Structures are given as structure tokens and as C-alpha cells.
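# Got a predicted structure here, sequence first:
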Amino acid sequence: MTGAIIGTLLMILGLVKWVVIIMIIMSWLFQFNIINGSNQVVSMIWRLVDGLTEPLLRPIRKFVPNFGGLDISPIVLFVIIFFLETLLHNFARGAFI
């Protein structure tokens, strides 16, 4: 039972990582005018991705200083996810102390 819960949590964390990666790539593509935000399909995908990532990134942005327009909150989120994945793997192996 515990293994199924840990496996599910690890899968969810993996999906969160992919959504954040998609958000980062889309923001770069918007910034360099490679994709058009007025396109209905692109806009729909962006709203979905932004709606999933913004609640996770907003609290991090409160504590991370602004680096001249460079948003490092996704990097901090990746570190947090890595920590949680390591914690779950250790718990699954019984090495959790």
C-alpha cells in the first residue's frame, strides 16, 4: 500500500516537472516572438500551463529576489521537487530517519 502511494506521489512530481518545463519553454517562445499568444490554441495551452504552475511559483516568488527580470523561481521549484523525490525514495527504501 505504501509503495503505491509513494509511486503515485513520484509520478505526480514528475508530471509537475514536465509542466514547469513546458511553461519555461513557452515563456521563452513568447519572449522571442516565435509563437503568437493571440493564437487560440496557443492561448488555451498557456492558460492551462500557467494555471497549473502559478500557484506553485507564486509563494516562491515572494521569497526569491528579483534578478533584473530573470525569474529563478522555477529553479527553486525544481530543487524542492528533487528534495521531495529524494525523501520519498528514502522512505520507500526504509532509510527514512
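Perfect, thanks for sending it. Numbers count the residues shown, from 1 in each chain.
# contacting residues around the most centrally placed residue in the chain?
In the chain, the residue lying closest to the centroid (Cα atoms, centre = their mean) is V20, at 3.4 Å. Taking Cβ atoms under 8 Å, 6 or more residues apart in numbering as the criterion, V20 is in contact with 53, 56, 74, 77-78. No exception for glycine: its C-beta is placed from N, CA and C like everyone else's.
# Around D71, count how many other residues there are.
Applying other Cβ atoms under 10 Å, we find 15 residues neighbouring D71.
# Which residues are in contact with it?
R61.
# Any figure for the gap between it and M1?
Separation of D71 from M1 (Cβ to Cβ, to the nearest Å) stands at 39 Å.
# Same check on F63?
Taken as Cβ to Cβ, the span from F63 to M1 is 36 Å.
# So between those two, which is more surrounded?
Between F63 and M1, counted using other Cβ under 10 Å, F63 has the larger neighbour count: 8 against 5.
# one step back: and the residue nearest to the centre of the chain, what helix or strand is that in?
Assigned by DSSP states H and E, V20 belongs to helix 2-31.
# try L77
Per DSSP H and E, L77 falls inside helix 73-93.
# Just give me how far that helix sits from the chain centre.
12 Å (Cα atoms, centre = their mean, to the nearest Å).
# so what's E85 closest to, chain neighbours aside?
Spatial nearest neighbour of E85, excluding adjacent residues (Cβ to Cβ, 6 or more residues apart in numbering): L13 at 5.6 Å.
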